[in-house]
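Q: Sequence isn't available, so here's the structure alone:
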């Protein structure tokens, strides 16, 4: 079993009401890889500059992530993002973005990465996503994007969406993509663009899944400490697709709604850990036991039985 | 078993992207009563004007609501609200509010209303809420309010909150009340003001419950048709407290976390029907079978089992 991810490998400088960090390892491919590494073999594809050091690489290899397709660019600098969060931690404010080595990124994948059974196209320029999709044999491909590409490269993004099996977007972005203000209708409209599975990410409110005629909704885990939401969506995607790949390898269909639900829960669990500390700090230190414990906690806070109203029924 | 509610009885004029209605029956006490009427005996307290007709009364009595404490004010006009919703149906835009008979409302409760075991203080001026609370023997009292009172009558509202057992507020209002940006911490801080049970209403995203050290979260029901969210919070409160009263009457503790969870689900079910059509149209026509069917649907869209990751465990 294996899962290839293409996306940003970055340094992030983040300020939130709970502290501040400078040039932490981050980026969609990094957050995704670490989360998925608890479930399957992950191959990460993306460029880095001379400032990407052995310590940074060790964060990934320490979790067993296969880094053969990380491409060092001589004389280049790694993608850089600076942002901050105010008290509404659902909204990221971007202060600076430096594409650096990403400006001229031309993905070159090894045979192993091209042959992976599953593929995640992290939030990068949609033409790059399409190029990677076309070069990979993955039987199940998922795509994340953002409002920036919707507004600056809609045709290309719609093309990319039509070529994948699963679309993960914020709920507001699914509405914007389809022009449908109602999320359930927007998800159906997004399905008509190609993907059979739509995941609406809702920040602290959790996530919703649409596949075929079925849907599933899970609230966010209610945490008392949320320090840095950066990468939560990618950690969700990593837990979601990593778990799906482990089920696929065990002979289950990743289009089975019960399997997809389980994957939603694992995605939510990984996202909930991601936000507890800055950058990759919490997920780096995470254990399998902690994941299973939070899975049980998640069920505990969401579970209910259907019990009748006592006494004589009232019409 | 019985449940007294004090709150507004109103005429609402509402415009949403899905249509428009003029002077529909509405108000917090009306939406609450209709929802609670499926579970227990409801007594509604509040003033109306000469424009409140037999047809309006029949909407309530048709669902068995006890209207003896509806107080007609000779020569007065019923409370009036005009508002609209744009595509983000989570946000109500108020265009006009006319207090009318509510401006001089001095609640006078019958013995039957004062002796009810449960009490709901709908969103009205907090000094009125305190006066009603003081006159009632209810063993369990719940209160709803809004940012308007937080900003214009904070001391009085804090006093009212300290005198009830359960607080229902929008999540943003719980944050504003306590100055805590994190919802879980805000709920704990609100508990320290008095109520042992805190319900955070989250619009289309559902609701969260805090009681003692426990919490529970439920997503909103994903509807393809949401025409008018006015009164959804009051319908939630009606389903929640109505169900609690039915369990109380059956000998259960309303502070039992499992009972509170069930009540959260019934509240969510009633709110989900409320928003499907304008004003009280959907809940008026609702049947007990439809409630039970949606309860099962709710469980279906939120339920998951904890299943292990297949294959060898990865550290």
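A: Thanks, I have the structure now. Since the model is a prediction, treat every value here as computed from it, not as a measurement.
Q: all contacts plus neighbour counts: C-alpha atoms, from now on.
A: Fine.
Q: need the contact list for residue A:305.
A: B:262, B:299 (C-alpha atoms under 8 Å, 6 or more residues apart in numbering or on different chains).
Q: does it sit in a helix, a strand or a coil?
A: Secondary structure assignment for residue A:305 (DSSP: H, G, I helix; E, B strand; the rest coil): coil.
Q: what about chain A, any weak spots by pLDDT?
A: Applying pLDDT under 70 to chain A flags the ranges A:311-315.
Q: just the strands in it please.
A: Ranges of strands within chain A are A:2-6, A:10-16, A:19-26, A:41-48, A:70-72, A:79-84, A:93-98, A:118-121, A:140-144, A:166-170, A:197-201, A:207-211, A:214-218, based on DSSP state E.
Q: nearest residue to residue A:180 other than its sequence neighbours?
A: Closest residue in space to residue A:180, ignoring its immediate chain neighbours: residue A:186 at 4.9 Å, by C-alpha to C-alpha, 6 or more residues apart in numbering or on different chains.
Q: What of residue A:123?
A: residue A:145 (4.4 Å).
Q: tally of neighbours for the one you found?
A: Neighbour count of residue A:145, defined by other C-alpha atoms under 10 Å in any protein chain shown: 22.
Q: Is residue A:84 in contact with residue A:14, as I believe?
A: Yes: shown here, residue A:84 and residue A:14 form a contact pair, counting by C-alpha atoms under 8 Å, at 5.4 Å.
Q: Next up, phi/psi of the residue nearest to residue A:123, please.
A: phi -150, psi -160 (degrees, to the nearest 10).
Q: before we move on, what about residue A:99?
A: In terms of degrees, to the nearest 10, the main-chain angles of residue A:99 are phi -60, psi -40.
Q: Helices of the stretch 201-315 of chain A, residue ranges please.
A: A:232-249, A:257-274, A:281-284, A:288-302 (DSSP state H, counting those that start in this stretch).
Q: For residue A:79, which residues are in contact?
A: Contact analysis of residue A:79 by C-alpha under 8 Å, 6+ apart lists A:8-11, A:48-49, A:97-102.
Q: How about it: which residues does it bridge to?
A: Beta-bridge partners of residue A:79, counted by DSSP bridges, are residue A:10.
Q: for residue A:93, same thing?
A: Applying DSSP bridges to residue A:93 gives these bridge partners: residue A:84.
Q: That one and chain B, how far apart?
A: Using C-alpha to the nearest C-alpha, to the nearest Å, residue A:93 is found at 17 Å from chain B.
Q: Same check on residue A:283?
A: Going from residue A:283 to chain B by C-alpha to the nearest C-alpha gives 12 Å.
Q: How about that residue, nearest residue that isn't a chain neighbour?
A: Distances taken as C-alpha to C-alpha, 6+ apart place residue A:274 nearest to residue A:283, at 5.8 Å, with adjacent residues excluded.
Q: Quick check, that neighbour in contact with residue A:233.
A: No: the criterion here is C-alpha under 8 Å, and residue A:274 misses it with residue A:233 at 9.2 Å.
Q: Looking at those two, which one has more neighbours?
A: Comparing residue A:274 with residue A:233 by other C-alpha under 10 Å, the one with more neighbours is residue A:274, at 31 against 28.
Q: list the contacts for that one?
A: Applying C-alpha under 8 Å, 6+ apart, we find residue A:274 in contact with A:228-229, A:231-232, A:235, A:280-283.
Q: What's the local residue count around residue A:90?
A: Using other C-alpha under 10 Å, residue A:90 has 14 neighbouring residues.
Q: that older thread, now neighbour count and distance to residue B:2 too, for the contacts of residue A:79, in a markdown table please.
A: Below are the contacts of residue A:79 laid out as a markdown table (neighbours: other C-alpha atoms under 10 Å in any protein chain shown; distance: C-alpha to C-alpha, whole Å):
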| residue | neighbour count | distance to residue B:2 |
| --- | --- | --- |
| A:8 | 25 | 60 |
| A:9 | 25 | 61 |
| A:10 | 28 | 61 |
| A:11 | 24 | 61 |
| A:48 | 24 | 68 |
| A:49 | 20 | 70 |
| A:97 | 12 | 61 |
| A:98 | 15 | 64 |
| A:99 | 16 | 65 |
| A:100 | 17 | 68 |
| A:101 | 22 | 69 |
| A:102 | 25 | 66 |
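Q: Could you single out the nearest of those residues to residue B:296?
A: residue A:8 (42.4 Å; C-alpha to C-alpha).
Q: Now do the contacts for the spatially closest residue to that closest one that is not a sequence neighbour.
A: Of all residues not flanking residue A:8 in the chain, residue A:27 sits nearest, at 4.8 Å (C-alpha to C-alpha, 6+ apart). With contact set as C-alpha under 8 Å, 6+ apart, residue A:27 has these partners: A:7-12, A:231.
Q: what's the most distant pair in the residues you listed?
A: Between all members of those, the farthest pair (by C-alpha to C-alpha) comes out as A:7 and A:12, at 14.4 Å.
Q: and those two? which has more neighbours close in?
A: residue A:7 (27 against 23).
Q: From residue A:94, how far out is the more buried one?
A: Per C-alpha to C-alpha, to the nearest Å, residue A:7 is found 18 Å from residue A:94.
Q: Now for residue A:229: which residues touch it?
A: Residue A:229 touches A:89-90, A:274-276, A:278, counting by C-alpha under 8 Å, 6+ apart.
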